[in-house]
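A.B. asks: Coordinates for the following, if possible.
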Amino acid sequence: MPNHAPVVPVARVDQLVTQSLDLAIISLEAVEKLRTLFRTIAYIPENNPTTQELAALGAQLAGEWADVIDSDREDLERLEKVQRYREETKPRV
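C.D. replies: Predicted coordinates:
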C-alpha cells in the first residue's frame, strides 16, 4: 500500500482559510496599535521614564503577535504541503 499524506477535509481547509483571514485582520490591527505606540514614544522627551516603559510594552506586544502569526504560518505551510501532495498524486483521467 503506498504511503499517502493525510486527507484534509474540505471543512478543515475552509476553517483554515477563515482563520487566515481573521488573523490578517487582527494582525493589521495589532500593527496599527504598535505604530501608534511607537509614534507616541517618538514625541516623549528622552529623560522621561515612560519612554522605556512604552518601548518595553511595544516590544512585548510585537513579540506576542509575531508568535501568533508564526504559528498560523506554520499551520498554513503544512496545509499547503498536503494540498500540493494531493494534487501531485491525484490520478489523471
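A.B. asks: Helix, strand or coil: sort out R92 for me.
C.D. replies: Counting by DSSP: H, G, I helix; E, B strand; the rest coil, the backbone at R92 sits in coil.
A.B. asks: what's the burial count for it?
C.D. replies: 3 (other CB atoms under 10 Å). (Each C-beta comes from the backbone N, C-alpha and C, glycine too.)
A.B. asks: try E53
C.D. replies: With other CB under 10 Å as criterion, E53 counts 12.
A.B. asks: Give the other helices and strands that the strand or helix carrying it contacts.
C.D. replies: According to DSSP states H and E, E53 maps onto helix 49-89. Under the contact definition 3 or more CB pairs under 8 Å, 6 or more residues apart in numbering; DSSP states H and E, helix 49-89 sits against helix 10-42.
A.B. asks: Run through this structure and note the low-pLDDT ranges.
C.D. replies: Filtered on pLDDT under 70, the chain yields the residue ranges 1-8, 93.
A.B. asks: now S20, nearest residue through space, not along the chain?
C.D. replies: Nearest non-adjacent residue to S20, counting by CB to CB, 6 or more residues apart in numbering: L76, 6.1 Å away.
A.B. asks: next one: T51
C.D. replies: Among residues not flanking T51 along the chain, I44 sits closest, at 4.6 Å (CB to CB, 6+ apart).
A.B. asks: same thing with L16?
C.D. replies: L79 (5.5 Å).
A.B. asks: Just give me the neighbour total for the one you found.
C.D. replies: Neighbour tally, L79, other CB under 10 Å: 16.
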